[in-house]
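**Student:** next comes the sequence, and after it the predicted model I'd like to discuss.
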Amino acid sequence: MLLDKMRKKFLLGNWKMNKTVAEAKEFANEAKSLGDIAKKNNIDLGVCAPFIDLIDVKNIVGDSLIVGAQNCHYLEKGAFTGEISCEMLKEIGINLSIIGHSERREYDNETSTKCNLKIKALLKNEMTPVYCCGESLKTYEEGKTKDFVKTQIVEGFKDLTKLDAEKVVIAYEPIWAIGTGKSASKEIAEDMCKFIRNIIKDLYDEDASNNIRILYGGSVKPNNIAEYLSQPDVDGALVGGASLKVDSYKELLTNLL
Ligand code: PEP
C-alpha cells in the first residue's frame, strides 16, 4: 500500500550499510512506541534498513513505523545476482524504497534513467519511491546545481502520469552535505525544494506540485531539523547518521512536533 497522498510531514531514517540483525531488532524494539507519537501528530515516521534486517524490523514494529528498503531492482525476477525485486519486498510487507541515493549513483552506477525504471516498478506494485536527487560540491561551486537537479527530476519522472508522479516522494540531498556535518542552510534547502516543486508544476500542473512531498537530506540533526521543517516547501527529512541511535531518532521526532 502506498503512503497517503497528502503533504504530511515525513521523517525517514536511512541506515545505509549499518546494523546487524541483532542491532536492528534492538532499535526496532526501542523505537516502535515512537510510531504512536508520530501518528498523533500527523507525521509519517520510518526507517530504511539493509535488506537483511527488513523482515525482523517489520515483524517487530508492524505498522507503527514505516519500514523501507534502500534500493530495489526494476524487474520482477531473473539472472541479476545480488539484487532484490519490488515483488520480494512487497511479500514481506515493505511498501517503500529509496531510489537513486547519491551513494548508489556514485558507487553503483545508478543513473536517473535506471531510477526511472525502478520508480515505475515500485508504483506498479503500489509501493512508494523516495527518489533522491542532488548535486556534487563541484557542481554546486560551478553554480550548476539547478540545471543538474532539473535533469535528474525530468529523467527520473519520464513517462509518469500525474497520478503516479504525485505518489513519488522526492528527497533533495546535496552530496556535499551528506555525512559531512556541513548541512545546507535552511534557505538553500527551501530554494531547492521550491525549485523542484516548480519543475513538477511545469511537468504536470499546480495541483501535482502542491501534492508532491519533497524532503531535505544532508546532515540533518536533532538541533537543525526544526528549521528545515519550518520552510514552506520542505515537507520532511531524509536522515542518515542521526537516525542510527534511538535517542537521536527520538529527538529528531520530538523536535519537529
Ligand atoms: C543520507 O543518508 O541520505 C543522509 C542524508 O545522511 P546524513 O544525514 O548522515 O548526512
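**Tutor:** Structure received. The structure displayed is predicted, hence computed values, not measured ones.
**Student:** which SS class is Phe27?
**Tutor:** Using DSSP: H, G, I helix; E, B strand; the rest coil, the secondary structure recorded for Phe27 is helix.
**Student:** just checking, it touches Val246?
**Tutor:** Yes - counting by Cβ atoms under 8 Å, Phe27 does reach Val246; the two are 5.7 Å apart. Bear in mind the C-beta positions are built from the backbone N, C-alpha and C, glycine included.
**Student:** residues contacting Asp44?
**Tutor:** 3-4, 8-12, 38, 66, 236 (Cβ atoms under 8 Å, 6 or more residues apart in numbering).
**Student:** now the buried members of those.
**Tutor:** Applying a neighbour-count criterion of 16 or more other Cβ atoms under 10 Å, the buried members of the contacts of Asp44 are 3, 9-12, 38, 66, 236.
**Student:** which ones, among those, also lie beside the ligand?
**Tutor:** Counting by Cβ under 6 Å from any ligand atom, the subset of the buried ones among the contacts of Asp44 that neighbours the ligand is empty.
**Student:** turn those residues into CSV, columns for pLDDT and secondary structure.
**Tutor:** Output for these, formatted as CSV (pLDDT from 0 to 100; DSSP: H, G, I helix; E, B strand; the rest coil):
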residue, pLDDT, secondary structure
Leu3, 71, coil
Lys9, 96, strand
Phe10, 97, strand
Leu11, 98, strand
Leu12, 98, strand
Ala38, 97, helix
Ile66, 98, strand
Gly236, 97, strand
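**Student:** of the residues you listed, closest to Asn125?
**Tutor:** Asn125 has its nearest neighbour among the buried ones among the contacts of Asp44 in Leu3, at 13.5 Å by Cβ to Cβ.
**Student:** residue ranges for the helices of the chain, please.
**Tutor:** Ranges of helices within the chain are 21-31, 34-40, 51-61, 86-91, 102-107, 112-124, 137-141, 145-156, 162-165, 186-203, 206-211, 225-229, 246-254, based on DSSP state H.
**Student:** many thanks, have a good one.
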